[in-house]
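A.B. asks: heads up, no residue letters with this:
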C-alpha cells in the first residue's frame, strides 16, 4: 500500500530538513520526501497548514501494567501516547511482578506486542529491592541473563541506589555489557518527609555523590532521570566537560511549574523530584539549549483520584503527561519562548533514539513510517477526555497552542483528530 501525506511542512531534525513537501510511504516505510502525484496512492492525507515530523520517542513512562491496572494499562496508556504524538515509549520497571529476570521481562514484552498501540519497550530492574524499598539490599537482578536475552535498558525507577556498593557493581556491569542504566537521583532519607523532600539538595547531593563514584571507577551509558535543579545542571555540565559518559533528561513539569503550583493544584503538582523555582526552570532551558540536558521525557505516572485525594505528604508522587507533553512544550518553548520546531523535536525524536539505541526518530528514506502530524491549533486540555484511566494532572483547563492531529506507526494511523482530510 502507498500512502501520501500531502502539502505539509516536513520537519526532520536528524537531516536538518524543514520545507514544504509530501511524504511518500509504502509498506510501512518512508519511500521518499518531495513532490508526488496521487495517481498510484491508495491513501492521501491533506496536511495543508500542518507540520509532519518523526514520531516522538518518550523514554520515561509508567504503564502500571501488569499489577496496577486500576491506574493504567498497556492498551489505554499506549493509546494516550499515540494521542500525544508518541510512536515509541519506554516503560519503567515498577510493575508487579518485577521484571528482574528473563521470564517476567519476556512475558511483559509479549503482552506489549499484542496490546500496545505504539512501539513499547519494557525496562528491566537493576535490583530485586525496587518493590520493597529495601534500601540496604545488595542483590542485583539477573543482569547477565537479561542482557544475553537482548535487554539493554535497566533502572530501579523511583528507587535510588543508596548503597554505594550496589552502584559500584552496577557501574562495573556497564563496562562489561552494552547496557544503559537509568538513575533516579534523590536521597531516600530526605524525599519522603517534609520539609526535606522539597529541598533541591535532595537531588543534587545524591547526583554529586554518584558523579564522584563514576569519576573513580568509570562506567558507560549512564543516564540521569528527570533533572530538576540549577545545581544539578551545573554538576552534569562539569561532568560532561570532564569526559564522563553520562546523559540526562528533564520533564515538562520542571519546565512549566514552580513549587508554588503545589498550593494551587495540591497533590496533582507533587512529583519526585519536587518542583523548584523559576531560576531552576531557566537553568534547565539553558541546559537543553547547550546540550547539558540531552532530552525531554514525560515521566507519565498515572494515579487514581483516591491515591491523590489525601494530604500532600502522604500522596504518591507523579502526574500523567504523555498525552499532553508535546502540546505543552510547543506552547511554552516554541510559541512563547521562540525556539524552533526543529530545536524542540530534536530533543523528543532523534536524540532519544540515538541515546537509547532505538530505531526511529527520523523521516529518512527506508525508515519506519513512525510519524506525528501536528498543528498550531489553539485548544483546551480537558482531563475528562484523556485516554488514560487516571486523571492526575495540573493541566486541566490549560489553553495551549499546538495539537497532535494524527499519529502513524509503521504507516498505520493509530490516532487521528479527524481534522486531516483523507482523499
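C.D. replies: Good, I have the coordinates. This one's a predicted model, so the numbers in the text were calculated from it and none came from an experiment. Numbers count the residues shown, from 1 in each chain.

A.B. asks: CA only for contacts and neighbour counts going forward, please
C.D. replies: Fine.

A.B. asks: and the strands in the stretch 201-350 of the chain?
C.D. replies: Counting by DSSP state E, counting those that start in this stretch, the segments of the stretch 201-350 of the chain that form strands are 222-224, 246-250, 295-296.

A.B. asks: could you single out the most deeply buried of the ones you listed?
C.D. replies: With neighbours taken as mean count of other C-alpha atoms under 10 Å, those reach their highest mean count in strand 295-296, at a mean of 29.

A.B. asks: can you pull the domain assignment for this structure?
C.D. replies: 2-52+367-382+394-422, 55-356 (automatic domain parsing).

A.B. asks: how near is the closest residue to residue 27 other than its chain neighbours to residue 16?
C.D. replies: Among residues not flanking residue 27 along the chain, residue 1 sits closest, at 5.7 Å (C-alpha to C-alpha, 6 or more residues apart in numbering). Using C-alpha to C-alpha, to the nearest Å, residue 1 is found at 28 Å from residue 16.

A.B. asks: do the same with residue 165
C.D. replies: 44 Å.

A.B. asks: wouldn't residue 391 be in contact with residue 382 here?
C.D. replies: No - using C-alpha atoms under 8 Å, residue 391 is not in contact with residue 382; the gap is 9.5 Å.

A.B. asks: more neighbours, these two?
C.D. replies: residue 391 (23 against 14; other C-alpha atoms under 10 Å).

A.B. asks: quick one: the domains of the chain as TSV, columns for mean pLDDT too.
C.D. replies: Listed next are these as TSV, based on pLDDT from 0 to 100:
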stretch	mean pLDDT
domain 2-52+367-382+394-422	96
domain 55-356	94
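
A.B. asks: run a quick neighbour tally on residue 278.
C.D. replies: Going by other C-alpha under 10 Å, the residues that sit close to residue 278 add up to 17.

A.B. asks: also the one 5 residues further on?
C.D. replies: When neighbours are counted by other C-alpha under 10 Å, residue 283 registers 20.

A.B. asks: can you check residue 329 too?
C.D. replies: Neighbours of residue 329 using other C-alpha under 10 Å come to 23.

A.B. asks: what separates it from residue 144, distance-wise?
C.D. replies: Distance from residue 329 to residue 144, by C-alpha to C-alpha: 38 Å.

A.B. asks: quick check, residue 351 in contact with residue 293.
C.D. replies: No - Residue 351 lies out of contact with residue 293 (C-alpha under 8 Å); the separation is 10.8 Å.

A.B. asks: tell me how far the strand or helix carrying residue 165 lies from the chain's centre.
C.D. replies: Using DSSP states H and E, residue 165 falls within helix 164-176. Computed by C-alpha atoms, centre = their mean, to the nearest Å, the chain-centroid distance of helix 164-176 equals 25 Å.

A.B. asks: quick check: closest non-adjacent residue to residue 346.
C.D. replies: Spatial nearest neighbour of residue 346, chain neighbours left out: residue 13 (5.4 Å); criterion: C-alpha to C-alpha, 6+ apart.

A.B. asks: residue 351 is in contact with that neighbour, correct?
C.D. replies: No - between residue 13 and residue 351 there is no contact under C-alpha under 8 Å: 9.4 Å.

A.B. asks: all helices of this structure, in order?
C.D. replies: Ranges of helices in the chain, per DSSP state H, are 74-83, 102-115, 143-148, 164-176, 188-191, 201-217, 230-241, 252-256, 261-265, 278-290, 305-308, 325-329, 341-348, 350-356.

A.B. asks: what about the residue nearest to residue 326 when sequence neighbours are not counted, distance to residue 102?
C.D. replies: In space, not counting the residues next to it along the chain, residue 326 is nearest to residue 84; the distance is 6.4 Å by C-alpha to C-alpha, 6+ apart. In this view, residue 84 and residue 102 are 31 Å apart by C-alpha to C-alpha.

A.B. asks: quick one, which of these two is more surrounded?
C.D. replies: A side-by-side neighbour count of residue 84 and residue 102, using other C-alpha under 10 Å, places residue 84 first with 26 against 20.

A.B. asks: next up, the contacts around the more buried one.
C.D. replies: Neighbouring residues of residue 84 by C-alpha atoms under 8 Å, 6 or more residues apart in numbering: 322-327, 404.

A.B. asks: let's go with 7 Å and repeat that
C.D. replies: 322-326, 404 (C-alpha atoms under 7 Å, 6 or more residues apart in numbering).

A.B. asks: residue 308 versus that one, what's the distance?
C.D. replies: Residue 84 is 23 Å from residue 308, by C-alpha to C-alpha.

A.B. asks: just residue 129 next, same as before
C.D. replies: Per C-alpha to C-alpha, residue 129 is found 25 Å from residue 308.

A.B. asks: could you do residue 162 as well?
C.D. replies: 27 Å.

A.B. asks: likewise residue 256?
C.D. replies: In terms of C-alpha to C-alpha, residue 256 sits 21 Å off from residue 308.

A.B. asks: more neighbours: which of these two?
C.D. replies: For residue 256 versus residue 308, the count of surrounding residues by other C-alpha under 10 Å is larger for residue 308: 22 against 15.

A.B. asks: so who does the nearest residue to the more buried one once chain neighbours are set aside touch?
C.D. replies: Using C-alpha to C-alpha, 6+ apart and skipping the chain neighbours, the partner closest in space to residue 308 is residue 315 (5.3 Å). Contact partners of residue 315, counting by C-alpha under 7 Å, 6+ apart, are 267, 307-308.

A.B. asks: same deal with residue 257?
C.D. replies: So residue 257 contacts residue 275 (C-alpha under 7 Å, 6+ apart).

A.B. asks: so how far is stretch 169-180 off the chain centroid?
C.D. replies: For stretch 169-180, the distance to the chain centre is 22 Å (C-alpha atoms, centre = their mean).
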